Structures are given as C-alpha cells and as structure tokens.
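>>> Fold the following for me, if possible:
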Amino acid sequence: MNKRDAIRFGTVVSSRDNNLDLIRFVSAIAVIWSHSFSLTQGPHSLGAFLDQWTDQRLSFGGMAVAVFFLYGGILIAKSCESHPDTRKFFIARCQRIFPQLIFIVLFSTFVWGGVLTTLSITDYLTNGETYRYLLNAILIPVHTLPGVFTFNPYPEVVNGSLWTLPVEFAAYILCYLIFRLTAFRKKSYIWTIIVVIACAVVYFAFFHLYMLSVVRAVLEFYIGVCLWVWRDKIILRPSWGILSIFATIVLCYFGWDIAAMLVTFPYACLWLGWGTRRKFSHFAKYGEFSYGIYLWAFPLQQTLVFLWPTPMHWAVNASLISLIAICGGIFNYHVIDKPVMNMVRRRRKITASTSHM
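Alright, predicted model coming up:
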C-alpha cells in the first residue's frame, strides 16, 4: 500500500494536522447562505438547487449541520476516552457550549430585542415572553421575542439555528452513556448498532420523515462515534474520497439524499478532514470562529431584512451577513471563549499545585 495514496484513519484522527477548522468555518458560512433564501423570501422559498433536488428534505445548511454532527461524534467519542470521569467530561462540554450561548441569548433579549421590538420598551420588558426567551440559555428552545421580526418574510423567529444545541447536548449524553456501557469495545458496541438500525427502520417506515433534520443530525453523530470505534479499520484513499463526493452529489441529484447522507457523505467528510495531501491545519491559528459565526448569523440576517428599505435579495443578505458574522465570531472568541478557557487553565494549574502540596 503506497503511503502517499492511502492512510489508516486511526493513525491520523488524533493529529492536529487536519482540515477540520477550515471545514467547520465553511460549514458555518454555508448555513448563512442556505438560510438567506427563506429569511428573504419566506418559509416556502424554493431554496438552492440542493433543496429542489431533494424536494426540500436537504439544504446546504442541513448538510453543514450534518458536518458539525458527524465530526462531533468522532471528537466527542475521543473525548469520552480522554475524560472518562463523568464530571470532567461534562464540564469540558459545558465550557464549550454555554459561555457563548448565554452571551448571545442575553444580548438578543435585552439589546437586540429592546431596540428592534415594535412594542414600547415598557411593554417589552414587562412581557413574560421576553423572559421565556432566556430559556434558550439552558437549551430549552424558545424562538420568539415580543414584537421582534413580526413582519419579516420569515416572521417572528429570532434565532432559528439554536435548535441544534439541545440536540447536540443530548447526543453528548447518549455518547457518554454508550461509552460507559461498552467502553467502545467492538463486541459490546455492536449491540448499539442493532438498536439504532431497528429504530431507524421504524422511523423511516412509520414516521414519514417527521423532524428529519433532527433525526439526520443524530444519525450523523452516531455514525461519527462508529467511525471512532472502528478507526483502526478505516483506510482513507484519495480515489475513494473523490468517488464518495461524486456519489453523494449523484444520489442527491436523483433524490436519494437520505442514502447519500448516511452512506457516502460520512466517508467524504473523513477524507476531506484527514485524508487530503495538503492540509490547512493552521487555519484557526488566530482562533476558532465557526461556533460564534453560527450563533450570530440568524439574528443578524433577520435584522438586516428588517432594516432593509426594500425587499432584499438572498445573495445580498448572505454576502453582507457572512462578513458581519465573521466579525461576531472573532468577537466571541476573543471576548468570551478565550478568557473563559484561560480562566479554566489557571484553575487547573492552581488545583494541580495545591494537590501536590
């Protein structure tokens, strides 16, 4: 086997020499472009060509979310083994999710909402719906603020992207439970595959693709966990990677998007993430901005539509918000994420030093 042509996934998955930061950044921007259709044209927009190929089952935003969940499954499974202690595992997860989320929810409620609401500031601040929006900070989805974006083409929804976060955290919990039950030993783990396949068969047979976006995200996460468990058996080849990308496109074109996302798409993501000869491993040298971009984008897009004096073209919305959301992601990283992580590191050092006294 020529090393230049093929590598074993297990030998590279723990390396920082990968394209994940670049791919996640591109995925966050793809969500913006995907949302721009419905946010400027309304919920019944035809969307991009991928939406039309798949009869609205899959958008580029949905594919981008699948990227986040697939890589998340791999990296969280790895984290389960690195942090087997329950408390340490969930503290690490909460440190990544909640600081930026809490900031965005508070800013949306008391700054964005207060400025953009059609109600008087007194009515806004005394309305119970205003404070219900704060539940988003503890992963309970609430989409509306009183009088905010009421007359937008996609009315009332302040931050539609937040639905993924409770799903993601639930996936973390399930992943950790599976780890505790199986220790990711293949013989034990195989029973989870049987259960998941049985549940998937029941879902596709009887639930008529109800909440497909959620189910697809969870399945992608689970596939990611499987890829971690069998990482020593997976070979990454350029020819297979290119073929998997081509097969994903063809399957989606013919409307077989579910098969594409569950069969060919995961291998394409593996190869793009770890298998290419040239890797952009220093893309996030100055910070990882994709999560902040994701959190800022939807309300920024809604705000721009609200303030624009004429009906807005989707491409204008996507272009402008991509630039502004990147600034938001940079702000979040340097003002929220980085200080929190630095504080955590200082506490660990203090704890480590006192424990050796």
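
>>> just for the protein, where's the confidence low?
Applying pLDDT under 70 to the chain picks out residues 1-4, 348-357.

>>> So for it, the centremost residue is which one?
Phe68 (4.0 Å; Cα atoms, centre = their mean).

>>> who's Leu236 bridged to?
Taking DSSP bridges as the rule, Leu236 bridges to Ile7.

>>> still on that earlier bit, now do the residue nearest to the centre of the chain against Arg277, distance only.
Separation of Phe68 from Arg277 (Cβ to Cβ, to the nearest Å) stands at 25 Å. To be clear about C-beta, it is placed using only N, CA and C from the backbone, and glycine gets the same treatment.

>>> Skip the chain neighbours and tell me the closest residue to Phe149.
Distances taken as Cβ to Cβ, 6 or more residues apart in numbering put Gln302 closest to Phe149, at 5.0 Å, once the chain neighbours are dropped.

>>> thought that neighbour was touching Pro153?
No: between Gln302 and Pro153 there is no contact under Cβ atoms under 8 Å: 9.6 Å.

>>> More neighbours: which of these two?
Remark: of Gln302 and Pro153, Gln302 carries more neighbours, 27 against 17, as counted by other Cβ atoms under 10 Å.

>>> Now do the same contact list for that one.
Each residue near Gln302 by Cβ atoms under 8 Å, 6 or more residues apart in numbering is listed here: Leu39, Phe149, Asn152, Tyr154, Val157, Val158.

>>> Any buried residues in the helix or strand in which Val65 is found, and which?
Assigned by DSSP states H and E, Val65 belongs to helix 60-82. Across helix 60-82, burial judged by 16 or more other Cβ atoms under 10 Å covers 60-80.

>>> what do you get for stretch 190-202?
Thr192, Val196, Ala200.

>>> One more: stretch 134-150?
Under the neighbour-count criterion of 16+ other Cβ under 10 Å, stretch 134-150 has Leu134, Asn136, Ala137, Leu139, Val142, Thr144, Leu145, Pro146, Gly147, Val148, Phe149 buried.

>>> what's the answer for stretch 36-56, then?
Neighbour count says stretch 36-56 has 36-41, 45, 47-48, 50-51, 53-54 buried, by 16+ other Cβ under 10 Å.

>>> Just checking the distance from it to the centre of its chain.
Relative to its chain's centre, stretch 36-56 lies at 20 Å (Cα atoms, centre = their mean, to the nearest Å).

>>> CA atoms only: put that stretch into CSV for me.
Extracted in CSV, the C-alpha atoms of stretch 36-56 (Å, rounded to 0.1, in the frame of the first residue of the first chain):
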residue,chain,number,x,y,z
SER,A,36,-30.8,33.5,3.2
PHE,A,37,-33.4,32.1,0.9
SER,A,38,-36.1,31.6,3.5
LEU,A,39,-35.2,34.7,5.5
THR,A,40,-35.6,37.0,2.5
GLN,A,41,-38.4,35.1,0.6
GLY,A,42,-40.3,33.4,3.4
PRO,A,43,-40.6,29.8,4.7
HIS,A,44,-42.0,28.5,1.4
SER,A,45,-38.9,29.6,-0.6
LEU,A,46,-37.7,27.0,-3.2
GLY,A,47,-34.2,27.4,-1.8
ALA,A,48,-31.0,26.5,-3.7
PHE,A,49,-30.7,23.7,-6.2
LEU,A,50,-30.0,21.1,-3.5
ASP,A,51,-33.3,21.9,-1.8
GLN,A,52,-35.0,21.4,-5.2
TRP,A,53,-33.2,18.2,-6.0
THR,A,54,-34.3,16.7,-2.7
ASP,A,55,-37.8,18.0,-2.5
GLN,A,56,-36.8,20.3,0.4
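
>>> List the buried residues for stretch 211-223?
Residues of stretch 211-223 classed as buried by neighbour count (16+ other Cβ under 10 Å): Leu212, Ser213, Val215, Arg216, Ala217, Val218, Leu219, Glu220, Phe221, Tyr222, Ile223.
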